[in-house]
Structures are given as C-alpha cells and as structure tokens.
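Asks: How does the following fold in three dimensions:
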Amino acid sequence: MIFTSRVAADTFEALCSEAGFPAASWLKGCNVAAIGAATGERLKEAGIVPSLVAGASAGAGFARELIEKELLGEESQVLLPGSNIARPELGAALRDAGVRVTSVPIYETLEEDPARAERLFEALDRDEPPDAVTFASPSALSGFLGICGARGRKLLKSPSVKIVSLGPTTSAAVRSEGLQVSAQAASAGTESLVEALREALA
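Replies: Predicted coordinates for the structure are as follows:
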C-alpha cells in the first residue's frame with residue numbers, strides 16, 4: 001500500500017478505527033510506502049512502519065525506486081488510497097511496470113466557496129502584495145486560480161511575488177499556467193516548504 005499524503009494516512013487510520021480494528025493490524029505483512037517524511041511519521045504514529053519513505057516526487061521516479069528496491073515487481077498488487085482528484089502519474093508508472101494498481105478515493109479535496117474567501121480577497125487588494133505565495137499541491141494552485149480569477153493570476157505574475165512549490169509535480173502545474181517557480185521544496189513536508197520559502201526570500 002502506498003500513502004501519498006499525511007491526509008491519506010489520517011483518513012485510512014480513521015476508517016479502520018470506525019470499522020473496529022487497528023490500521024497496523026490490517027496492514028500486517030504488507031509492504032507500506034509513503035511520500036514525504038510527514039506521511040511516514042504519521043504512519044509510525046499509527047503503528048505502521050513504512051518500508052520506504054520517498055521525497056517529494058510521487059511519479060515515475062518513486063515507482064522505479066520501489067521496483068529497484070524489490071518492494072514491488074511484475075504482478076504485485078498495490079492499493080493507492082488518496083484524494084478524489086489524486087494525480088495519475090504514480091499509478092500509471094506502476095502499471096507500466098506490470099504492477100496491478102487499485103486507486104481508491106478515501107477523501108475529497110474541495111475548493112473553498114468564494115463567498116467565504118473574504119480574507120483572501122482582502123490580501124489581494126492590498127497596496128503592498130505579499131512577498132511570496134506557497135502551493136503544496138496542484139489542486140491548491142487550481143483552487144486559488146479558480147477562486148481568485150484574474151486578480152489572483154495578476155498577483156502571481158507580479159515580479160515582486162515569489163512562488164514557492166512543494167515538489168516537482170506542483171512546480172510543473174505552476175509552470176503550465178505560465179507562472180515562474182522561485183523555489184521548490186526538496187521533499188514533502190512543512191519544514192521543507194518553509195526552508196524553500198526562506199531560500200526564495202533570501
């Protein structure tokens with residue numbers, strides 16, 4: 001089983017608890033992998049010790065690493081619990097390697113109601129824009145642009161505003177919108193994102 005975020009680990013443990021058995025017992029004898037140190041630590045809190053904890057990349061690179069370390073091979077079966085809008089790259093890379101993958105949405109990622117985004121609009125309308133904007137996922141970027149529209153895009157295109165992303169997938173999403181990434185977190189997790197923010201503002 002592969003957990004791509006701390007939220008996925010949280011939700012999986014909660015679902016197991018609701019069903020009446022510990023998550024660690026359910027995964028006994030199963031190889032478990034995690035994307036990001038924060039996800040790995042959350043699994044350990046639940047009594048699950050990951051066989052592999054990757055950095056920020058959840059795509060083909062991580063799939064290769066799983067296979068090279070012989071945690072997976074042809075005809076292996078993998079469960080990918082995650083968001084209803086989870087990125088397809090990891091599952092696709094594993095399938096290309098002959099792994100049988102089942103992706104299971106266990107939580108929903110929802111965009112904020114624009115009517116509840118008053119503080120965000122207030123920040124956009126200030127005379128002095130923020131020094132930086134951080135995005136931890138492609139869905140965070142698309143949600144921001146969806147809510148803020150032209151005002152949000154204008155802010156992100158401002159030369160004085162640094163865009164800091166969490167991982168290569170998010171960076172690629174930023175660039176696909178015609179925007180520039182000032183710094184990218186080296187691994188998944190808040191500490192790495194903060195370090196990248198410091199780098200961008202130095």
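Asks: can you pull out the helices in this protein?
Replies: Applying DSSP state H to the chain gives helices spanning 6-19, 23-26, 37-45, 60-68, 89-96, 118-124, 138-157, 168-176, 190-201.
Asks: Could you point out which of those sits nearest Ser182?
Replies: helix 190-201 (4.3 Å; CB to CB). The way it works is simple: take the backbone N, C-alpha and C, and place the C-beta from them, glycine included.
Asks: starting at the chain centroid, how far to the closest one?
Replies: How far helix 190-201 lies from its chain's middle: 16 Å, per CA atoms, centre = their mean, to the nearest Å.
Asks: now the angle from it to helix 37-45?
Replies: Helix 190-201 runs at 170 degrees relative to helix 37-45, counting by axes from the mean of the first three to the mean of the last three CA atoms, to 10 degrees.
Asks: if we can go back for a sec, which stretch in the helices of the chain is the model least sure about?
Replies: Note on the helices of the chain: helix 118-124 shows the lowest mean pLDDT, a mean of 73.
Asks: Show me what that helix is packed against.
Replies: When contacts are defined as 3 or more CB pairs under 8 Å, 6 or more residues apart in numbering; DSSP states H and E, helix 118-124 packs onto helix 138-157.
Asks: so what pLDDT did the residue sitting furthest away from the middle of the chain get?
Replies: In the chain, the residue that sits farthest from the middle, by CA atoms, centre = their mean, is Asp127; the gap is 32.2 Å. Looking at Asp127, its pLDDT is 70.
Asks: give the contact list for it.
Replies: Contacts for Asp127 (CB atoms under 8 Å, 6 or more residues apart in numbering) come out as none.
Asks: what's the answer for the one 10 residues further on, then?
Replies: For Ser137, the contacting residues are 166, 169-170, by CB under 8 Å, 6+ apart.
Asks: swap in Asn84?
Replies: For Asn84, the contact set (CB under 8 Å, 6+ apart) comprises 105, 107-109.
Asks: Okay, Arg119 and Ala14: tell me how far apart.
Replies: 29 Å (CB to CB, to the nearest Å).
Asks: again but with Cys148, I slipped
Replies: To Ala14, Cys148 is 32 Å away according to CB to CB.
Asks: what about these two, which has more around it?
Replies: Comparing Cys148 with Ala14 by other CB atoms under 10 Å, the one with more neighbours is Cys148, at 19 against 14.
Asks: Once you drop chain neighbours, what's closest to the more buried one?
Replies: Leu124 (6.3 Å; CB to CB, 6 or more residues apart in numbering).
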